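A.B. asks: give me a 3D structure for the following:
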Amino acid sequence: MVNLSQNRPLHSEKHSDSFNINSHSKHVTDIELHPYIITRLFAVAIAFLTIAQVFALFLNFYLGYDYALGFVPAFDFDSEGNFPSLYSAFSLLFCSILLGVISIHAKKKSNKNYIFWIALSILFLFLGFDEGAGIHERFQDPVRHLIGNSFFKDFEWAVL
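C.D. replies: Take a look at the predicted model:
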């Protein structure tokens, strides 16, 4: 366990994989992060989405169901506005929150680089909202028109 506070004792060994961020203001704020639990939750979500995608592909290509009561489009990795894109948006927003916490802690420790953590947090916040709202999808056609018949015509997503 890593205790980022100078005036607090380390927690017991059962929380040996957690991070504790404490505030030195009037209101004490403890944030404990358990990387093992967070990693496990993300891994379970990825495994579930992968299994659902494989099942949706089975329904679509083997059994011939294009819709299957909405299951096929709900778990299609190649489309927007479904569970995989919701997971991506949540992951990016979670990263933004973590980067924001790091920037607050860096500023309290008088680290001059805290502004870079804030910039990263804002960037990931934008990416999360972009993924959730599908803003980048609205720019595909104008970028495709701008690029024309160049080498990048099939890769307009990389330009965005």
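A.B. asks: so for the helix or strand hosting residue 87, what's the average pLDDT?
C.D. replies: Using DSSP states H and E, residue 87 sits within helix 83-108. Taken as a whole, helix 83-108 has a mean pLDDT of 95.
A.B. asks: could you say what helices and strands that helix packs with?
C.D. replies: If you count contacts as 3 or more CB pairs under 8 Å, 6 or more residues apart in numbering; DSSP states H and E, helix 83-108 packs onto helix 35-57, helix 114-133. Every C-beta, even on glycine, is put in place using the N, C-alpha and C of the backbone.
A.B. asks: and the contacts of the shortest one?
C.D. replies: Right, the one you point to is helix 114-133. For helix 114-133, contacts defined as CB atoms under 8 Å, 6 or more residues apart in numbering pick out 85-86, 88-93, 95-97, 99-100, 102-104, 106-107, 135-136.
A.B. asks: which members of the residues you listed are classed as buried?
C.D. replies: Among the contacts of helix 114-133, those classed as buried by 16 or more other CB atoms under 10 Å are 85, 88-89, 91-93, 95-96, 99-100, 102-104, 106.
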